[in-house]
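# this is the structure alone, sequence omitted:
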Ligand code: FAD
Ligand code: SIN
């Protein structure tokens, strides 16, 4: 440890009551809920729309139709998660869903309607129509714009281009956060720090995720002493279009929910043989079936929407329709070539039902958190919902707790924070990101095996020293964070010698009953992982990480 007073760089200090890192659905909704409870500061490492939420298409799941109920939503979530989720957390998610949707309506968000009633779409593994959407397929964009406006009206302070780096912890209690801007290094003291930094999709070569989604919050929480778990469960979305240039583009599951077919190069609907719900089977099954079909035909697999009608398609999917036209693909007439891509981190920072981590006054919410609701495979459109439901709960909990704010700099900083890399290390780190993403895609991707994962592990061990520095640019710090996360994902996937949900190993293709309730968790040091059992037996059980 080094004393903060010895730190070579000048550090500006500020105070607030609640610091929220991240301006996606989880961060913004938590911020709005906290606005009446104290001063709230929200940081985003780029602009406010930088995360994944902005790109969300399908919508938000909630039991809203007369035929539906939280019980049915529970059953679908539990089943899609391969019976691995936390039943208490799932109950909270589905039971509080309608109230949180009503909160959004109160904030002025206008969900799409048909004949006056909220329009409900269908997605994979849902037993009925329960996806609320906005602007057809522009749910994320509309949601973020409305939440930003509401947050600004509530007097929340935003700091953009602020890269959160390190959580200050003393005697096991979080007391603030270090972040950097172009202008330097800053410390902000707070009663509570809430991590809402999203997942880590950029760790993979092909991903639907925004460039900002690099796993920073996972590493910050881990270094602060929180627990990370379930990192072997990473979901791949089955239907992504790879444009000639630029980011992969998601073709929403809602498209299949409206009746689009998946066909192989011979025009055959191959999902009919794979699952009773055909194209609307669970994501992992559809994604693996696509890869198998690609292997057999040595060609793409295609989405066929043409029978949905040239009037309906642009009305229901205006974003997808217009983006595809930019790539000279008229989806009312042309088939869309699709392939799976990395989409969603199921594991994350272990939290209880109120978003508390193992560190006092440190909370996590949204994709970065592991509440346990998704089990081993996430049900479509449950993620935005999770950000809302648990964002509300985090806000209520954080408002009740917290130590008096202490503006003084923490006495001690970890050594890495003041260790400057040499020129070779900087060069190596800068060159690494593409190799890392390529290797993760090929070695710890949709289908993994001991042999490929050991290859990944060996490469990561070689790169490990690069994670021991603090770099002067956010991009390099992101790469170091991605390395650490990749390491833990690989370790966890190696340790789980079975297939379960979206963790599929070609060397252990079946689930192992003895691992049914076991979770892989990391704390303190990379590689120091343990298989542990969390209570999950009864509906009313409350998990506690304390
Ligand atoms: P994000 O929205 O990813 O926001 C993360 C925030 O953290 C950003 O503001 C970023 O700038 C900030 N940040 C990160 N690191 C730092 C740092 N070091 N310092 C400061 N700030 C930082 N889910 C659904 O339920 N329904 C859907 O229809 C749906 N569609 C999707 C479509 C796409 C293309 C994608 C990629 C995902 C989709 N998902 C959907 C998943 C869902 O959108 C995400 O899981 C959810 O939006 C995550 O929200 P979040 O608030 O946790 O994080
Ligand atoms: C989609 O629209 O297909 C994405 C939905 C989700 O990831 O929940």
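Structure's in. What do you need? All figures in this text were calculated on a predicted structure; none of them were measured in a lab. Ligands and ions are numbered 1, 2, ... in the order given.
# please count neighbours and contacts with C-alpha atoms only from this point.
Fine.
# for ligand 2, what is the nearest residue in the stretch 1-150 of the chain?
residue 58 (3.3 Å; Cα to the nearest ligand atom).
# now do the contacts for that residue.
By Cα atoms under 8 Å, 6 or more residues apart in numbering, residue 58 lies in contact with 123, 131, 133, 137-139, 252-254, 381.
# repeat that for 6 Å
Taking Cα atoms under 6 Å, 6 or more residues apart in numbering, we find residue 58 in contact with 137, 252, 254.
# need the contact list for the nearest residue to the first one once chain neighbours are set aside.
I take that to be residue 137. Spatial nearest neighbour of residue 137, chain neighbours left out: residue 57 (4.5 Å); criterion: Cα to Cα, 6 or more residues apart in numbering. Counting by Cα under 6 Å, 6+ apart, residue 57 touches 137-139.
# how about low-confidence regions in this protein?
Counting by pLDDT under 70, the ranges of the chain that qualify are 1-9, 415-416, 524-546.
# how about 80 then?
1-9, 183, 411-419, 524-546 (pLDDT under 80).
# mind listing the helices for it?
Along the chain, the segments classed as helices by DSSP state H run 25-34, 70-80, 87-106, 139-153, 216-224, 253-257, 283-297, 312-316, 318-326, 382-400, 423-443, 450-463, 474-495.
# next one: residue 75 from ligand 1, what distance?
Look at residue 75 and ligand 1: by Cα to the nearest ligand atom, to the nearest Å, they are 17 Å apart.
# no no, residue 110
16 Å.
# before we move on, what about residue 388?
To ligand 1, residue 388 is 9 Å away according to Cα to the nearest ligand atom.
# again, but for residue 257
Going from residue 257 to ligand 1 by Cα to the nearest ligand atom gives 12 Å.
# what's the answer for residue 428, then?
Distance from residue 428 to ligand 1, by Cα to the nearest ligand atom: 21 Å.
# equivalent analysis for residue 395, please.
The gap separating residue 395 from ligand 1 is 14 Å, by Cα to the nearest ligand atom.
# touching, that residue and residue 34? I think so.
Yes - using Cα atoms under 6 Å, residue 395 is in contact with residue 34, at 5.4 Å.
# which residues does the nearest residue to residue 119 once chain neighbours are set aside bridge with?
Nearest-residue entry for residue 119: residue 113, 4.5 Å, with adjacent residues in sequence omitted and distances by Cα to Cα, 6+ apart. With DSSP bridges as the criterion, residue 113 is bridged to residue 118.
# thinking again about what came up before, which of the contacts of residue 58 are close to ligand 2?
Near ligand 2, judged by Cα under 6 Å from any ligand atom, the entries from those are 252, 254.
# out of the contacts of residue 57, which comes closest to ligand 1?
Closest approach to ligand 1 among those (Cα to the nearest ligand atom): residue 139, at 6.7 Å.
# you'd agree the residue nearest to residue 119 is up against residue 121?
No - when contacts are counted by Cα under 6 Å, residue 113 is not listed as touching residue 121 (10.8 Å).
# and these two? which has more neighbours close in?
Of the pair residue 113 and residue 121, residue 121 is the one with more neighbours under other Cα atoms under 10 Å, namely 21 against 15.
# contacting residues around the more buried one?
By Cα under 6 Å, 6+ apart, the contact list for residue 121 reads 129-131.
# list just the nearest of those to ligand 1.
Nearest to ligand 1 among those, counting by Cα to the nearest ligand atom, is residue 131 at 8.5 Å.
# ok, that closest one - contacts?
Each residue near residue 131 by Cα under 6 Å, 6+ apart is listed here: 59-61, 120-121.
# cheers, nothing more for now.
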